[in-house]
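S.K.: Pasting a predicted model and its sequence here:
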Amino acid sequence: MQSYLEVFTNEFSQIKSNEQKAKLLEVVLRIGTDICCSHEIVVNCLLILANFGNEKHAHKFISYDNVTRRLLKALESDDKKINKGEILDALKRIVTDDDNSNVIANSSMLDWLLSNTHEGGSDEIQQKCREVVAALTMSETSKEILASNQKFQKIFPKHQFSLGDILATKRYAQIWRRNSAAKTEQNRSIDGDEEHERKRHVMISYSWKNEDVAIALKNLLESNNIKTWIDRSGVTLDMMEEIAVAVENCSHFLSLVSSHYKQSVYCKMEAKYAVELEKTIIPVHVEEGFVPSGWIAMVTSGLRYHEFYHADDVTSENCSALVELLTS
């Protein structure tokens, strides 16, 4: 049996007139905001509006108090027919609009989202909750609301989201691409000497779980006059531009490979960007017994790797080959 969304998709795709499409979306809007409709119908209306509507449609929809309450009821439900992942993906999409973001941040759903970022439900649901919360922080007003929320501050001190996490959001991608385009254009205008100067540093990309090894590597490389770039503040939304520039201007990209690195959406984004820019990637294994798979295996396959499982392993003797590689 087809889902409501599949049926709507088939019908919507056959409509040629934009006016008729707008009228159909208004019908969906009226159905979803009817006080008598079930939370299952509300969910399907959300999916339709998130996939086919615009920010105006979405804002009208979620601004109804009964809508956010019923969406919350659906998220709290044990009903197997309700796909919580789809609901969270839809929320992530619509909160890229500031007005929609503020509605969710001020609703009872915020507490559920925060409570499920690291506990309750599957790993996939926890990940999607973190992505929605991260998207909320992109709005200045919502960020202020979150800043005064004790649960948010406890879970994400200093707005750190690098716990296997975040930001496959539409706005994140837009900011990243826009920054990339601007910096690429800027680089075209500088001469070779200046560009060489800017691209001297080695970027150390790591999960905060392996911070001790990352810092040890930073200190040893710099003691050998090798300039490094490393994020010490945790990957926050305010750091996105700086991280993008760091990837663009690095001569080598050290990828500190571990299970935590594999789980981190931020680390994946950094590595993917380095691949796109054809940077020299050097994998460094920092977790004993971890066998790269999935996207990490694709990025590092065939590359020579180094092993430093503990900060104490990062010695001049053990790092001689790495230092030679970076200075050759």
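M.R.: Perfect, thanks for sending it.
S.K.: Tell me where the model's unsure across this structure.
M.R.: Residue ranges of the chain with pLDDT under 70: 1-9, 55, 157-199, 232-241.
S.K.: Quickly list the domain ranges of it.
M.R.: The record's domain parsing of the chain by automatic domain parsing lists 4-154, 191-327.
S.K.: Any chance of CSV for the ones you listed, columns mean neighbour count?
M.R.: For the C-beta atoms, the positions are set from N, CA and C on the backbone; glycine is no exception. As requested, the domains of the chain are exported to CSV (neighbours: other C-beta atoms under 10 Å):
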stretch, mean neighbour count
domain 4-154, 18
domain 191-327, 17
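S.K.: where exactly do the strands run in the stretch 101-250 of the chain?
M.R.: Under the criterion DSSP state E, counting those that start in this stretch, the stretch 101-250 of the chain contains strands at 202-205, 228-229.
S.K.: Could you tell me which strands the shortest one is paired with, and in which direction each runs?
M.R.: Paired neighbours of strand 228-229 in the sheet (DSSP bridges): strand 202-205 (parallel).
S.K.: what does the partner strand rub up against?
M.R.: Applying C-beta atoms under 8 Å, 6 or more residues apart in numbering, the contact partners of strand 202-205 are 214, 217-218, 221, 226-230, 246-247, 250-256, 261, 267, 270-271, 274, 326.
S.K.: contacting residues for I87?
M.R.: Going by C-beta under 8 Å, 6+ apart, I87 touches 43, 46-47, 71, 74-75.
S.K.: For the residues you listed, name the two members farthest from one another.
M.R.: The span of the contacts of I87, defined through C-beta to C-beta, is set by L47 and L75 at 13.5 Å.
S.K.: And E211, how far from L256?
M.R.: According to C-beta to C-beta, to the nearest Å, E211 stands 9 Å off from L256.
S.K.: Ignore what I typed, I meant A134.
M.R.: In terms of C-beta to C-beta, A134 sits 22 Å off from L256.
S.K.: ditto for D231
M.R.: Taking C-beta to C-beta as the measure, D231 falls 12 Å from L256.
S.K.: Now do the shared contacts for these two.
M.R.: Counting by C-beta under 8 Å, 6+ apart, D231 and L256 have no shared contacts at all.
S.K.: Please report phi then psi for V284.
M.R.: Per-residue torsions, V284: phi -120, psi 110 (degrees, to the nearest 10).
S.K.: Restricting to C-alpha, output stretch 296-315 in CSV.
M.R.: Coordinates of each C-alpha in stretch 296-315 appear next as CSV, following Å, rounded to 0.1, in the frame of the first residue of the first chain:
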residue,chain,number,x,y,z
ILE,A,296,36.7,6.5,5.7
ALA,A,297,37.8,3.5,3.7
MET,A,298,36.9,5.3,0.4
VAL,A,299,38.9,8.4,1.4
THR,A,300,42.0,6.6,2.7
SER,A,301,42.1,3.4,0.5
GLY,A,302,45.6,2.8,-0.8
LEU,A,303,47.2,5.6,1.2
ARG,A,304,50.1,5.1,3.5
TYR,A,305,49.0,5.5,7.1
HIS,A,306,50.7,6.1,10.4
GLU,A,307,49.8,4.8,13.8
PHE,A,308,49.7,6.7,17.1
TYR,A,309,47.2,5.1,19.5
HIS,A,310,48.2,7.2,22.5
ALA,A,311,49.7,10.6,23.1
ASP,A,312,52.8,8.9,24.5
ASP,A,313,53.3,7.2,21.1
VAL,A,314,53.9,10.6,19.5
THR,A,315,57.7,10.9,19.8
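S.K.: Need the residues that contact that stretch.
M.R.: Outside stretch 296-315, the residues touching it (C-beta under 8 Å, 6+ apart) are 212-213, 215-217, 220, 255, 257, 261-262, 271-272, 275, 281-288, 292, 318-319, 321-322.
S.K.: mind listing which of those are in helices?
M.R.: Among the contacts of stretch 296-315, the members falling in helices are 212-213, 215-217, 220, 261-262, 271-272, 275, 321-322 (criterion: DSSP state H).
S.K.: Pipe those residues into JSON lines and attach distance to Q153 per row.
M.R.: As requested, these are exported to JSON lines (distance: C-beta to C-beta, whole Å):
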{"residue": "D212", "distance to Q153": "25"}
{"residue": "V213", "distance to Q153": "28"}
{"residue": "I215", "distance to Q153": "25"}
{"residue": "A216", "distance to Q153": "30"}
{"residue": "L217", "distance to Q153": "31"}
{"residue": "L220", "distance to Q153": "35"}
{"residue": "Y261", "distance to Q153": "26"}
{"residue": "K262", "distance to Q153": "28"}
{"residue": "A271", "distance to Q153": "30"}
{"residue": "K272", "distance to Q153": "30"}
{"residue": "V275", "distance to Q153": "35"}
{"residue": "A321", "distance to Q153": "43"}
{"residue": "L322", "distance to Q153": "38"}
